[in-house]
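**Q** What follows is a predicted protein model with its sequence.
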Amino acid sequence: MEFVVGASERIAVIGDNGAGKSTLLGAIAGTVTLAAGERLVELPGGFALAEQRPDFAPNATVAAALNHLLADVHRIESEIQETAEKVAHAKVDEQPALLDRLGMLMDRFEARDGYQLDQRVDAALDQLGLGGLDRARPVSSLSGGERARLALAAALSSEAELLLLDEPTNDLDDAGVSWLEECLSRHRGALVAVTHDRVFLDKFATAIIRVEDGALRRYGDGYAGYLAARAAERRRLLEEHEAWRRDLARNEALIASNAFRLDAIPQKQERAIFGHAAFRARSRDHGVTRRIGMAKGRVARLRANPAPRPADPLRFLSPFTGDRLREAGDDSCPSALLLSADAVRLGVNGGGPRLALDSLQVRASERWLISGPNGAGKTALLRLLAGELTPQQGTMRQFPNLRVAWLRQDLATFSRKTLLNAFANATDAYRDDAAELLLRLGLFHPDDLTRILSELSIGQRRRFEVAVAVTAPSDILLLDEPTNHLNPELVEQLEDALRHYPGAVLTVTHDRRWRQRARTAGQLGSLHVSPGGDVSVMPSAV
């Protein structure tokens, strides 16, 4: 396979977790050794790689880590000094070549704006929330998100011709994302970014590379073009499957009908004149046997080369409690009130997260967005509403036998059940039915069904949760950063499915596209958790 980056291209790399996106960036950067093929590079302006999980030398300080990340710029500066010293001590006939090299190095250094490098690094760290970072601090003491932002600050400060960014919007607040996008808008070189951020894809991607099953496929016309192309691919695959299915059914019917005709033809009859010496009345063939053979051959070829049916788009399969009660004439909950909270307090004695929620009512079909800074207690609020946390004060009421579905931010450590057994147990389905349901969703390969759930990748475990959420009966859906670990195409499907989900949905998300679409979908309420745990409520418009 071939991967080419033009001088000013903006390429986004997408795919499931573990597909090889970060490995692809490393191969481009030369930090990953190729098993085959070759890497051809023409980059006089250099490249900068900002990894999602950068590694640094043991006991390295923040200053040493920055020097390592910006080594190519510092190398040019060192070569300028070395070459200048050689010019000063060179013979007359050696000086022209040295002066030419010195001029070339200075041009490269100025193209990277090397004289302002330290100022740019300071500004980048400040914009990314690391402005007060002690440069003598061990880099190992930083969190994973802080190390990623350190690498991103260095890459954006390097003025490299090619930027290689791995999930650059992760761990950034809104201000950090805005600053990042401003930097990239000014960047005059090429960009290759691994990202699931759909707003980022819309703004910057001129082409998209999808990594799947060890192969790369390129799509043009940005993110909108990618979605249109994928929809066209599905329509084509569905048409091919239907044509294959019709051809198979037609040939199987030919076999059955011609076999019946063949059985109706007598094999032998007595001679009427002589009354003895039975003989074949007529050939049993009349083309029937040949047609059966041709049809059987065609069926064998079709079964050997099936046209698989493409996966169905996500949709919620199970009925909703409120609908069933109304259909049965039960008026015990005519307004379909699913849960309510009154003067609820959590963590009043200093144990666990603190939350203060004065009044909340959640009804069927409502959509709620939950916002607040990291650590304020958004996940704790979801757990409180789900009944997993018991308030020390106030009253929580739930609709009788309320069924809650979760997509959790922190994926649980699963038992040693296989994927199929865990799905069948979670959806209360027979194994055969569960296998058919799971495969129709297109989230897993048939070989995955027998794998142990705890051994799956984090992306696969997230897809398992999605499969359970859309299949098992539920009345309220709690989504805690639902776009994490899902490829953009699957997120689009989940959003579309939620439009037809009749229950209530409460979502914690930093995904900008999700928030934008939620605000235009109607019946949207908002809950904001302050740093002190106070929950302010703005109900949905009537």
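**A** Arrived safely, thanks for sending. Here the structure is a predicted model, which is why all the values come from computation and not from measurement.
**Q** so where's the chain shaky on pLDDT?
**A** 1, 259-287, 321-335, 350-351, 411-415, 522-523, 540-542 (pLDDT under 70).
**Q** For residue 163, give the beta-bridge partners.
**A** Here residue 163 sits in beta bridges with residue 48, residue 191, as judged by DSSP bridges.
**Q** Oh, that last question was meant for residue 526, not what I typed.
**A** With DSSP bridges as the rule, residue 526 is bridged to residue 369, residue 538.
**Q** Return the residues in contact with it.
**A** 368, 369, 370, 371, 537, 538 (Cβ atoms under 8 Å, 6 or more residues apart in numbering). Bear in mind the C-beta positions are built from the backbone N, C-alpha and C, glycine included.
**Q** thought the fifth one was touching residue 360?
**A** Yes: the pair residue 537 / residue 360 is scored as a contact, 5.5 Å apart, by Cβ atoms under 8 Å.
**Q** any common contacting residues for these two?
**A** residue 527.
**Q** Looking at these two, which has the bigger crowd around it?
**A** residue 360 (19 against 15; other Cβ atoms under 10 Å).
**Q** Doesn't that one belong to a strand?
**A** Yes: Residue 360 forms part of a strand when assessed by DSSP: H, G, I helix; E, B strand; the rest coil.
**Q** nearest residue to it other than its sequence neighbours?
**A** residue 341 (4.4 Å; Cβ to Cβ, 6 or more residues apart in numbering).
**Q** quick one, what contacts that neighbour?
**A** Residue 341 touches 357, 359, 360, 384, 385, 394, 395, 396, 397, counting by Cβ under 8 Å, 6+ apart.
**Q** show me the contacts for the second one.
**A** Same thing as residue 359. With Cβ under 8 Å, 6+ apart, residue 359 has these contacts: 341, 342, 343, 537.
**Q** repeat for residue 179
**A** 127, 128.
**Q** Against residue 210, how distant is it?
**A** 29 Å (Cβ to Cβ, to the nearest Å).
**Q** now, which of the contacts of residue 341 sits nearest residue 202?
**A** Of all the contacts of residue 341, residue 385 has the smallest distance to residue 202: 32.4 Å, by Cβ to Cβ.
**Q** chain center to the helix or strand in which that closest one is found: distance?
**A** Assigned by DSSP states H and E, residue 385 belongs to helix 378-386. Centre-to-centre, helix 378-386 and its host chain are 24 Å apart (Cα atoms, centre = their mean, to the nearest Å).
**Q** How about the contacts made by the nearest residue to residue 51 once chain neighbours are set aside?
**A** Of all residues not flanking residue 51 in the chain, residue 166 sits nearest, at 5.2 Å (Cβ to Cβ, 6+ apart). By Cβ under 8 Å, 6+ apart, the contact list for residue 166 reads 21, 22, 25, 49, 50, 51, 52, 193, 194.
**Q** re the thing from before, same list (the contacts of residue 526) but as a markdown table, adding distance to residue 452.
**A** Supplementary listing: those in a markdown table, determined by distance: Cβ to Cβ, whole Å:
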| residue | distance to residue 452 |
| --- | --- |
| 368 | 36 |
| 369 | 36 |
| 370 | 33 |
| 371 | 37 |
| 537 | 42 |
| 538 | 44 |
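**Q** So in the protein, which helix runs the longest?
**A** Counting residues, the longest helix found in the chain (DSSP state H) is helix 222-264.
**Q** Tell me the helix or strand right after it.
**A** helix 288-304.
**Q** May I see the buried residues of that next one?
**A** 288, 291, 292, 295, 298, 299, 302 (16 or more other Cβ atoms under 10 Å).
**Q** next one: stretch 128-137
**A** 128, 129, 130, 133.
**Q** For my notes, please list those in a markdown table and give distance to residue 248 and secondary structure for each entry.
**A** Listed next are those as a markdown table, based on distance: Cβ to Cβ, whole Å; DSSP: H, G, I helix; E, B strand; the rest coil:
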| residue | distance to residue 248 | secondary structure |
| --- | --- | --- |
| 128 | 58 | coil |
| 129 | 60 | coil |
| 130 | 61 | coil |
| 133 | 65 | coil |
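**Q** In JSON lines, list these along with distance to residue 500.
**A** Listed next are those as JSON lines, based on distance: Cβ to Cβ, whole Å:
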{"residue": "128", "distance to residue 500": "40"}
{"residue": "129", "distance to residue 500": "39"}
{"residue": "130", "distance to residue 500": "43"}
{"residue": "133", "distance to residue 500": "47"}
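**Q** what about the helices in the stretch 351-500 of the chain?
**A** 378-386, 419-427, 431-441, 458-471, 488-498 (DSSP state H, counting those that start in this stretch).
**Q** ok, residues contacting the first one?
**A** In this case it means helix 378-386. 339, 341, 344, 346, 352-353, 355, 357, 362, 370-372, 389, 391, 396, 404, 406, 409-410, 476, 478, 480, 506, 508, 527, 529, 535.
**Q** related to what we said a few turns ago, which of the contacts of residue 166 lies closest to residue 139?
**A** residue 51 (13.4 Å).
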